[in-house]
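Enquirer: Sequence and computational prediction follow.
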Amino acid sequence: AQKITQTQPGMFVQEKEAVTLDCTYDTSDPSYGLFWYKQPSSGEMIFLIYQGSYDQQNATEGRYSLNFQKARKSANLVISASQLGDSAMYFCAMRESGGYNKLIFGAGTRLAVHP
Amino acid sequence: DGGITQSPKYLFRKEGQNVTLSCEQNLNHDAMYWYRQDPGQGLRLIYYSQIVNDFQKGDIAEGYSVSREKKESFPLTVTSAQKNPTAFYLCASSEAHSSSYEQYFGPGTRLTVT
């Protein structure tokens, strides 16, 4: 069965420093997609970045980059130059195969950015 | 502005009552989804719909029902059969044929049943 694992319940980082949030996944499907979402205390889910299983390069979106290591089945999110507004829950998700675009979510990592 | 609307933000109900959560999108997306989130946990899929008048059960559909009579609307009914209905409910939509299949989320409804 497909599964997403986020082993860090909480992380702390100093403002302006970089931080890596871990995500490992398990699937036997050769075609899949990996997503990262941010959830502030208000509750809405904000899409950050996407990586397709066949993409040759790691995805980047502004201060966010995805360290995709296919052989290790890991898709870690790197946030550079952390800002106080980055304090939130971060969820890694995988798109299931089968054409229905179903997402499987990890348990999340709570990031706290300190001044 | 395009987006997803969920109302109300907070909802309180007595045990034994059915309650319907609203979800409306003006993104012209074919696919819509309902997720449940419990404290300290990730999202779990309740129901999803790829097209009008069609929907499928997700991982935790028991005690819930949906309808998809219009492309822009996907209401979720939490029935009295749902044993633990208190949770945060998130609606999402996506382009069914987008290469990245990104899902856009609404602001959520926090349901409390006492």
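Expert: Thanks, I have it. Residues are numbered from 1 along each chain as shown, chains lettered A, B, ... in the order given.
Enquirer: Would you tell me which residues of chain B are close to chain A?
Expert: Taking Cβ under 8 Å from any Cβ of the partner chain as the contact definition, chain B meets chain A at B:31, B:33, B:35, B:40-45, B:48, B:50, B:56, B:58, B:88, B:90, B:92, B:94, B:96, B:99-108, B:110. C-beta here means a position set from N, CA and C on the backbone, and glycine is covered the same way.
Enquirer: How about the residues of chain A by chain B?
Expert: Chain A has residues A:4, A:33, A:35, A:37, A:42-47, A:50, A:52, A:91, A:93, A:95, A:100-103, A:105-108 near chain B, with proximity defined as Cβ under 8 Å from any Cβ.
Enquirer: Confirm residue A:85 sits in a strand?
Expert: No. Residue A:85 is assigned helix when assessed by DSSP: H, G, I helix; E, B strand; the rest coil, not a strand.
Enquirer: Can you tell me how far it is from chain B?
Expert: Going from residue A:85 to chain B by Cβ to the nearest Cβ, to the nearest Å gives 18 Å.
Enquirer: On the pLDDT front, check that residue for me.
Expert: pLDDT for residue A:85: 97.
Enquirer: For it, give me its contacts.
Expert: Counting by Cβ atoms under 8 Å, 6 or more residues apart in numbering or on different chains, residue A:85 makes contact with residue A:113.
Enquirer: Now stretch A:82-101 - C-alpha only, CSV.
Expert: What follows is stretch A:82-101, C-alpha atoms only, in CSV (Å, rounded to 0.1, in the frame of the first residue of the first chain):
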residue,chain,number,x,y,z
SER,A,82,13.5,31.0,6.9
GLN,A,83,11.0,33.8,7.8
LEU,A,84,8.8,34.1,10.8
GLY,A,85,5.8,33.6,8.5
ASP,A,86,7.1,30.1,7.7
SER,A,87,5.9,28.9,11.1
ALA,A,88,3.2,26.4,10.3
MET,A,89,2.4,22.7,9.8
TYR,A,90,4.0,21.2,6.6
PHE,A,91,2.5,18.1,5.0
CYS,A,92,4.0,15.9,2.4
ALA,A,93,1.6,14.1,0.1
MET,A,94,1.7,11.6,-2.7
ARG,A,95,-0.7,11.3,-5.6
GLU,A,96,-2.0,7.8,-5.9
SER,A,97,-2.0,6.0,-9.3
GLY,A,98,-5.2,5.0,-10.9
GLY,A,99,-6.1,8.3,-12.6
TYR,A,100,-8.2,9.6,-9.8
ASN,A,101,-5.8,12.2,-8.4
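Enquirer: buried sites along that stretch?
Expert: Buried positions in stretch A:82-101, judged by neighbour count with 16 or more other Cβ atoms under 10 Å in any protein chain shown: A:82, A:86-97, A:100-101.
Enquirer: From the chain's centroid, how far away is it?
Expert: Mean C-alpha position of stretch A:82-101 versus that of the full chain (Cα atoms, centre = their mean, to the nearest Å) differs by 5 Å.
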